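> take this sequence and fold it.
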Amino acid sequence: MTPTDLLAPTYLQMLAALANWLAKAEQHAPAQTDALMSARLAPDMFPLSTQIRFTCAQALEGLSRLRGEPFPPMRDELLAEGRGAQDNPGSLADAKVRIDQTLALITALSPVDTPADGAIAHDIPNGMVFDLTVDQFARDWALGQFYFHLMAAYAILRQQGVPLGKVDYVAHMFQYIRPGTMPTA
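Numbers count the residues shown, from 1 in each chain. A predicted model of the protein is given here:
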């Protein structure tokens with residue numbers, strides 16, 4: 001299994017979960033959904049709107065780097081929107097559109113056989129550069145950064161009273177349940 005084979009399905013299932021969490025937020029407090037976009041866990045953390053956009057950006061960036069391809073333009077748009085969320089958080093509807101667009105881009109990718117020992121020079125905005133193998137990048141950076149922003153979004157939604165639980169987080173696992181083993185109570 002290549003790192004791309006691992007990450008693409010992970011990104012797809014967890015971005016779909018994020019979309020479902022937002023739908024649940026919409027059902028829980030329809031009049032307050034846009035206010036949710038400015039909610040944050042701590043004063044020095046990004047708001048929900050940024051966490052959602054950065055989750056999408058991390059998925060696109062991770063797969064592009066693993067595939068040795070340029071970033072899609074949407075990745076830079078997401079980062080700019082996320083950084084500007086303090087003044088313009090956007091709406092929950094905007095966030096759902098961005099998730100759908102990210103899902104479509106990932107779904108449209110053709111298979112690429114990325115060698116696990118290939119090299120990635122991963123540069124970050126503060127000027128640091130990390131020299132990693134493809135496997136190291138996937139394991140130590142791409143997954144971690146994606147889940148950091150995803151879980152921050154989950155935590156903000158929980159903190160704001162959206163009724164989410166473990167079932168919402170692992171909904172993708174129910175396709176694997178052995179018949180007859182689902183608890184009834």
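> which other helices and strands contact the helix or strand of the chain with the lowest mean pLDDT?
Within the chain, no helix or strand scores below helix 33-36, which has a mean of 86 by mean pLDDT, DSSP states H and E. Under the contact definition 3 or more Cβ pairs under 8 Å, 6 or more residues apart in numbering; DSSP states H and E, helix 33-36 sits against helix 3-28, helix 92-107. The C-beta positions use only the backbone N, C-alpha and C, and glycine is treated the same way.
> so which of those helices comes closest to residue 50?
helix 92-107 (10.1 Å; Cβ to Cβ).
> the chain: helices as residue ranges?
Counting by DSSP state H, the chain has helices at residues 3-28, 33-36, 48-67, 73-83, 92-107, 134-136, 143-159, 166-169.
> on that earlier part again, who wins for proximity to residue 174 among the helices and strands packed on helix 33-36?
helix 3-28 (11.3 Å).
> pLDDT wise, what is residue 161 at?
Residue 161 carries a pLDDT value of 94.
> how many neighbours does residue 62 have?
Other residues near residue 62 come to 23 when the count uses other Cβ atoms under 10 Å.
> ok, now which ones touch the residue lying closest to residue 98 once chain neighbours are set aside?
Using Cβ to Cβ, 6 or more residues apart in numbering and skipping the chain neighbours, the partner closest in space to residue 98 is residue 56 (5.4 Å). By Cβ atoms under 8 Å, 6 or more residues apart in numbering, residue 56 lies in contact with 15, 74, 78, 98-99, 101-102.
> buried sites along stretch 84-104?
Neighbour counts over stretch 84-104 (16 or more other Cβ atoms under 10 Å) mark 85, 89-90, 92, 94-96, 98-99, 101-103 as buried.
> show me which of the residues you listed is closest to residue 162.
Using Cβ to Cβ, residue 92 comes nearest to residue 162 of the buried residues of stretch 84-104, at 11.1 Å.
> the closest one is in contact with residue 22, isn't it?
Yes: applying Cβ atoms under 8 Å as the test, residue 92 and residue 22 come out as touching, 5.8 Å apart.
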